[in-house]
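With the input below, show me the fold.
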Amino acid sequence: MIPDLLRIPGVLGRIARKRLERVLASPPALRPGEVPAPSFADALARPGLSVIAEVKRKSPSEGVIADLDAAAVARAYARAGARAVSVLTEPEFFAGSDADLQAVRKAVKLPVLRKDFVVHPVQLHEARALGASAVLLIVALLGPLVDVYLREAGKAGLDALVEVHDEREAELALEAGARILGVNNRNLKTLRVDLSTAPRVARYVRGLGFAGLLVAESGYRARAELASLEGRFDAVLIGSSLARDPDPEAALRRLLGSV
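Residues are numbered from 1 along each chain as shown. Prediction:
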């Protein structure tokens with residue numbers, strides 16, 4: 001049930017191996033009971049382009065982004081029209097924490113995506129216990145185990161955003177039964193962003209008959225970029241450009257064209 005992380009090169013491999021090391025060294029103590037959580041899939045399926053706005057402090061590609069109050073930022077996103085909130089919980093490379101997710105869950109009624117590097121099944125049940133509605137599953141990490149983790153996420157009561165970076169990974173995700181497919185414009189091995197990636201892979205999976213939800217991820221900073229996704233994607237995940245703005249509510253309103 002644990003993926004072979006030694007096969008994964010670059011930054012992604014380093015992050016994933018460190019994450020597994022932490023999980024194995026200190027397995028989470030799962031609390032009894034579950035925090036009520038709204039449906040992530042339903043939020044993304046609403047008419048128009050849904051925004052998943054991200055609480056993000058730091059990243060390997062950009063360094064320190066913002067010293068932020070997770071709850072306050074999530075409330076700002078909700079006021080501006082976000083339909084879901086993504087919370088980074090990876091502590092070393094992204095300066096995230098489980099406490100951030102819990103604070104966001106208490107602060108807003110929106111579904112919360114736990115954005116982390118899932119490399120052990122216990123992380124799925126931990127995500128649900130923390131109050132997450134959904135979890136990120138990265139095909140580049142999980143490889144042929146993505147179907148196992150997808151089923152385990154369902155058992156935990158979670159939706160799964162299954163992330164791919166190219167057509168080969170997309171095929172693997174569809175074979176595993178993914179219903180929410182995220183296409184990341186950022187190459188997690190080199191950290192380079194190419195905004196042509198999401199549209200290209202989206203066309204490919206629709207051509208294969210994929211009828212689920214499509215999410216474009218990474219690199220979006222301007223209203224025109226979001227407008228180009230409308231009608232082709234169900235949602236877009238936006239992180240750094242919102243989190244680093246001193247007024248995240250105004251920043252999101254500008255992107256949505258509501259100011």
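
doesn't Arg19 make contact with Ile8?
No. Judged on Cβ atoms under 8 Å, Ile8 makes no contact with Arg19 at a distance of 11.6 Å. Every C-beta, even on glycine, is put in place using the N, C-alpha and C of the backbone.

Low-confidence stretches in the stretch 151-259 of the chain?
Residue ranges of the stretch 151-259 of the chain with pLDDT under 70: 259.

pull the longest helix from the chain.
Identified as the longest helix of the chain according to DSSP state H is helix 10-25.

Mind giving me the packing neighbours of the next helix or strand after that one?
Following helix 10-25 in sequence order, the next helix or strand is helix 40-44 (DSSP states H and E). Under the contact criterion of 3 or more Cβ pairs under 8 Å, 6 or more residues apart in numbering; DSSP states H and E, helix 40-44 touches strand 50-55, strand 84-88, strand 159-164, strand 180-184, strand 213-217.

Just the buried residues of helix 40-44, please?
The neighbour-count check on helix 40-44 (16 or more other Cβ atoms under 10 Å) flags 40-41, 43-44 as buried.

what does the longest helix of the chain contact?
2-3, 5-8, 60, 90-93, 116-117, 119-120, 122-123, 138, 140-141, 188-191 (Cβ atoms under 8 Å, 6 or more residues apart in numbering).

which of those residues are buried?
Among the contacts of helix 10-25, those classed as buried by 16+ other Cβ under 10 Å are 3, 5, 8, 90, 93, 116-117, 119-120, 122-123, 138, 140-141, 188.

Among these, which lie within strands?
Ile138 (DSSP state E).

what's the closest of the buried ones among the contacts of helix 10-25 to Arg168?
Checking these against Arg168 with Cβ to Cβ, the nearest one is Ala140 at 10.1 Å.

Kindly provide the distance from the closest one to Pro246.
According to Cβ to Cβ, to the nearest Å, Ala140 and Pro246 sit 33 Å apart.

And Gly239, by the same measure?
16 Å.
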